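J.: generate a structure from the sequence data that follows.
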Amino acid sequence: AGRGPPAHDSLSIEGASDVRHPTHKEGLRMMESAIAAGDPVSTLGMPALDAAKGLRSKSAIGTWSGGRFMRFGQSMGDDGLIGLLQEAPKFGVRTFVTSDVYGKGAADLLLGEAISGMPREEIRVVSMIGHDFYDGTRAGMGGYQRFTDPHLRGAGDYEGYLRMAAERSLERCGLEKFDLILLHNPDSIGYSDAEVWRGMGKLKDSGLTDMLGVAPGPANGFVLDQISCFEKYGEFIDWSMIILNPLEPWPGRLVLPAAERFGVKVMARVVDHSGIFHDDVRPGHWFQSGDHRTHRPTGWVNGGCAKLEKLRPYAERHGLTMLQLAAFWNLGHKAVEAVVPTYIEESGENDYARGALEKLAEMAAVAGDNPLSDREIEEIAAIGDNTGCMPLKGATAKHDCAPLPDQWAIDSHLASIAERWGVDTSW
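T.: Numbers count the residues shown, from 1 in each chain. From the prediction side, this is the model:
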């Protein structure tokens, strides 16, 4: 725990130093003018959309967008998602995130097709591995057994599994190496076992990836587990991907001091708060059967929309859309280096629905200096404060039976971490 922060690489792609980013208000005016003129969103003529000039957003796009593999809104289908991914670099979004478990390899194949014509040096590709869909069984929303499940294998076989999973994912994506591999939704063993992280380290040593990290989930929580993992295995961990947005500052913000201390860069997901910050999920919104968001607590749309209106003046003050406001709020935290909204085609008919491509276009302006002040960051967090709004996953004082793949008891080691880092464990 006394080790200093390691030197970690960056996912960013540096652009030409002589190119000026448009201001956020300029970008918004350009986008609105182009839409009013009937121009396709993919060719808005904004300087920030010109990939040849090397401009970039601080945003990534995941293969869970578009409703094809994760049921958010209606599915765009294979061709629609491929098209969305191929448009991303035009908006400066050049980091792509996939998971081998999505569609049991199908998402990897689809991403591989989408990026096949892109110069490799101009994009970054992130893979998440850890759900064993090869030999394991699926347990509903919790996903497949983790590869560390004792019923599947012992510690001596972790390294072999990780190498196999990484190599197969690379083959499906048509790549020789990933820029970053994240351990996807680990169980308690994944966070704590030295053999897991030795195996992860071997992936980097073998040239299968440049960087390593962890992606907790699928639900929210895992605070003590991440901090413990950073303390024990920080030498291996470059990135962590967590749930964080202005309407869900808790518990993600509790992880940020440790991430900063150990030099772990954070990629924030669910930036759009399951569509609320896209501004086309409103009170009375209809979700089709099986939509991933139907598992949120009753009343979350009405409550979220009410808080959204309290946040709107902050966006208007800086000429931002609500999604841009959410993205910059995340990036206003020192440890947060990237954001990954979910781009959703909403189901049903309404006169305010917006396409996924239009939402993606907004991220072109999420670059350059952050327009939000430290005071605004804290004021926004206070409006969105959600402390204690849900039972958390991972180590929790409310779990007192045998460990589950996504929930377990707080042991003495994790209790000491909570005390040292000032984390309230009453939840």
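J.: who does residue 338 form a beta bridge with?
T.: Per DSSP bridges, the residues bridged to residue 338 are residue 267.
J.: can you list the weak-confidence ranges in the stretch 1-150 of the chain?
T.: Along the stretch 1-150 of the chain, segments meeting pLDDT under 70 span 1-56, 141.
J.: mind listing the strands for it?
T.: For the stretch 1-150 of the chain, strands defined by DSSP state E, counting those that start in this stretch occupy the ranges 60-62, 95-99, 124-129.
J.: mind giving me TSV with the ones you listed and columns for mean neighbour count and distance to residue 71?
T.: Glycine gets a C-beta too; all of them are placed from N, C-alpha and C. Supplementary listing: these in TSV, determined by neighbours: other Cβ atoms under 10 Å; distance: least, Cβ to Cβ, whole Å:
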stretch	mean neighbour count	distance to residue 71
strand 60-62	27	14
strand 95-99	26	15
strand 124-129	26	18
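J.: out of the ones you listed, which gets nearest to residue 316?
T.: Residue 316 lies closest, by Cβ to Cβ, to one member of the strands of the stretch 1-150 of the chain: strand 60-62, at 26.4 Å.
J.: direction included, what does the closest one pair up with?
T.: Sheet pairing for strand 60-62, assigned by DSSP bridges, gives strand 95-99 (parallel).
J.: other residues contacting the strand it pairs with?
T.: 11, 59-64, 85, 88, 107-108, 111, 114-115, 123-129, 131, 169, 173, 179, 184, 241, 267, 338, 340 (Cβ atoms under 8 Å, 6 or more residues apart in numbering).
J.: between the strands of the stretch 1-150 of the chain, which one is closest to residue 272.
T.: Closest approach to residue 272 among the strands of the stretch 1-150 of the chain is made by strand 60-62 (11.8 Å; Cβ to Cβ).
J.: for PyMOL, write the select line for the buried members of the contacts of strand 95-99.
T.: If you want just the buried ones from the contacts of strand 95-99 in PyMOL, going by 16 or more other Cβ atoms under 10 Å, the selection is:
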select buried, resi 11+59+60+61+62+63+64+85+88+107+108+111+114+115+123+124+125+126+127+128+129+131+169+173+179+184+241+267+338+340
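J.: which stretches of this protein form helices?
T.: Secondary structure of the chain by DSSP state H: the helices cover 24-36, 77-87, 106-115, 158-173, 188-192, 194-205, 223-233, 256-261, 300-317, 322-331, 356-361, 374-384, 412-421.
J.: now render the strands of the stretch 1-150 of the chain as JSON lines, adding distance to residue 271.
T.: Shown next, in JSON lines, are the strands of the stretch 1-150 of the chain (distance: least, Cβ to Cβ, whole Å):
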{"stretch": "strand 60-62", "distance to residue 271": "10"}
{"stretch": "strand 95-99", "distance to residue 271": "13"}
{"stretch": "strand 124-129", "distance to residue 271": "16"}
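J.: between those, which one is closest to residue 329.
T.: Here strand 60-62 is closest among the strands of the stretch 1-150 of the chain (Cβ to Cβ), at 16.8 Å.
J.: ok, and what's touching that closest one?
T.: Applying Cβ under 8 Å, 6+ apart, the contact partners of strand 60-62 are 11, 84-85, 88, 93, 95-98, 124, 126, 267, 269, 338-340, 342-343, 360.
J.: and that strand, how far out from the chain middle?
T.: Its chain's C-alpha centre and that of strand 60-62 lie 7 Å apart, by Cα atoms, centre = their mean, to the nearest Å.
J.: residue closest to the middle of this protein?
T.: Nearest residue to the geometric centre of the chain (Cα atoms, centre = their mean): residue 269, 2.9 Å.
J.: just give the nearest non-adjacent residue to that residue, would you?
T.: Using Cβ to Cβ, 6 or more residues apart in numbering and skipping the chain neighbours, the partner closest in space to residue 269 is residue 340 (4.7 Å).
J.: and for residue 60?
T.: Closest residue to residue 60 apart from its sequence neighbours, by Cβ to Cβ, 6+ apart: residue 95 at 3.8 Å.
J.: residue 64 too?
T.: Using Cβ to Cβ, 6+ apart and skipping the chain neighbours, the partner closest in space to residue 64 is residue 70 (3.9 Å).
J.: tally of neighbours for that neighbour?
T.: 21 (other Cβ atoms under 10 Å).
J.: tell me how far it lies from residue 292.
T.: Here residue 70 is placed at a distance of 6 Å from residue 292 (Cβ to Cβ, to the nearest Å).
J.: residues contacting residue 79?
T.: Contact analysis of residue 79 by Cβ under 8 Å, 6+ apart lists nothing.
J.: quick check: it vs residue 66, distance?
T.: As judged by Cβ to Cβ, residue 79 and residue 66 stand 10 Å apart.
J.: check residue 249 too.
T.: 27 Å.
J.: likewise for residue 323?
T.: In terms of Cβ to Cβ, residue 323 sits 16 Å off from residue 66.
J.: measure stretch 61-72 end to end?
T.: With Cα to Cα, to the nearest Å as the measure, stretch 61-72 spans 14 Å from end to end.
J.: residue 353 touches residue 279, doesn't it?
T.: No - judged on Cβ atoms under 8 Å, residue 353 makes no contact with residue 279 at a distance of 10.2 Å.
J.: follow-up on the earlier one: was I right to think the residue nearest to residue 269 contacts residue 266?
T.: No - Residue 340 is beyond contact range of residue 266, at 10.9 Å (criterion: Cβ under 8 Å).
J.: shared neighbours of those two, which are they?
T.: Counting by Cβ under 8 Å, 6+ apart, the common neighbours of residue 340 and residue 266 are residue 241.
J.: out of residue 249 and residue 66, which sits in the busier spot?
T.: Between residue 249 and residue 66, residue 66 has the larger neighbour count (other Cβ under 10 Å), namely 29 against 23.
J.: for the more buried one, list the residues it contacts.
T.: By Cβ under 8 Å, 6+ apart, the neighbours of residue 66 are 75-76, 80-81, 84, 343-345, 356.
J.: how much space separates it from residue 354?
T.: According to Cβ to Cβ, residue 66 and residue 354 sit 14 Å apart.
J.: what do you get for residue 288?
T.: Going from residue 288 to residue 354 by Cβ to Cβ gives 17 Å.
J.: who has more neighbours out of the two?
T.: Taking other Cβ under 10 Å, residue 288 and residue 354 do not tie; residue 354 has more neighbours (17 against 13).
J.: residues in contact with the spatially closest residue to that one that is not a sequence neighbour?
T.: Leaving aside its chain neighbours, residue 354 sits nearest to residue 280 (4.9 Å; criterion: Cβ to Cβ, 6+ apart). Listed by Cβ under 8 Å, 6+ apart, the contact partners of residue 280 are 346, 350, 352-354.
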